[in-house]
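In: structure, please.
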Amino acid sequence: MEESILALGQAGIIPREFADKIKGMPSFRNRLIHDYLPNKFDAEKLYNNLQQLDDFRKFSQYIIEWLERQ
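Out: Residues are numbered from 1 along each chain as shown. Predicted coordinates for the structure are as follows:
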């Protein structure tokens with residue numbers, strides 16, 4: 001799934017530097033969705049990620065801006 005984020009960067013939909021920064025998001029999501037909790041490591045990582053929602057907001061904004069240009 002990392003490839004999907006990197007492809008968005010290569011296509012100019014999101015900045016490449018930002019794509020490199022967030023490329024791990026899909027795999028983290030998959031670990032959560034497929035019920036790898038309650039695992040202390042994942043629970044702590046989830047908590048830490050939820051403290052940094054700016055990356056999700058930025059990602060959403062880049063997608064919205066790209067859609068508006070289409």
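In: which ones are touching residue 63?
Out: Residue 63 sits next to 13, 14 when contact means C-beta atoms under 8 Å, 6 or more residues apart in numbering. Backbone N, C-alpha and C define where each C-beta goes, glycine included.
In: helix or strand for it, which one?
Out: Element membership of residue 63 [criterion: DSSP states H and E] is helix 54-69.
In: in that helix, what's buried?
Out: 59, 62 (16 or more other C-beta atoms under 10 Å).
In: now it, how far from the chain's geometric center?
Out: In terms of C-alpha atoms, centre = their mean, to the nearest Å, the centre of helix 54-69 is set 12 Å apart from its chain centre.
In: convert it to PDB, retaining C-alpha atoms only.
Out: Provided in PDB are the C-alpha atoms of helix 54-69 (Å, rounded to 0.1, in the frame of the first residue of the first chain):
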ATOM      1  CA  ASP A  54      -2.200  17.400  10.900                       C
ATOM      2  CA  ASP A  55      -0.900  14.900   8.400                       C
ATOM      3  CA  PHE A  56      -4.400  13.600   7.800                       C
ATOM      4  CA  ARG A  57      -5.700  17.100   7.400                       C
ATOM      5  CA  LYS A  58      -2.900  18.000   5.000                       C
ATOM      6  CA  PHE A  59      -3.500  14.800   2.900                       C
ATOM      7  CA  SER A  60      -7.300  15.600   2.700                       C
ATOM      8  CA  GLN A  61      -6.500  19.200   1.700                       C
ATOM      9  CA  TYR A  62      -4.100  18.100  -1.100                       C
ATOM     10  CA  ILE A  63      -6.800  15.700  -2.400                       C
ATOM     11  CA  ILE A  64      -9.500  18.300  -2.300                       C
ATOM     12  CA  GLU A  65      -7.300  20.800  -4.100                       C
ATOM     13  CA  TRP A  66      -6.500  18.300  -6.800                       C
ATOM     14  CA  LEU A  67     -10.100  17.400  -7.300                       C
ATOM     15  CA  GLU A  68     -11.100  21.000  -7.600                       C
ATOM     16  CA  ARG A  69      -8.500  21.400 -10.400                       C
END
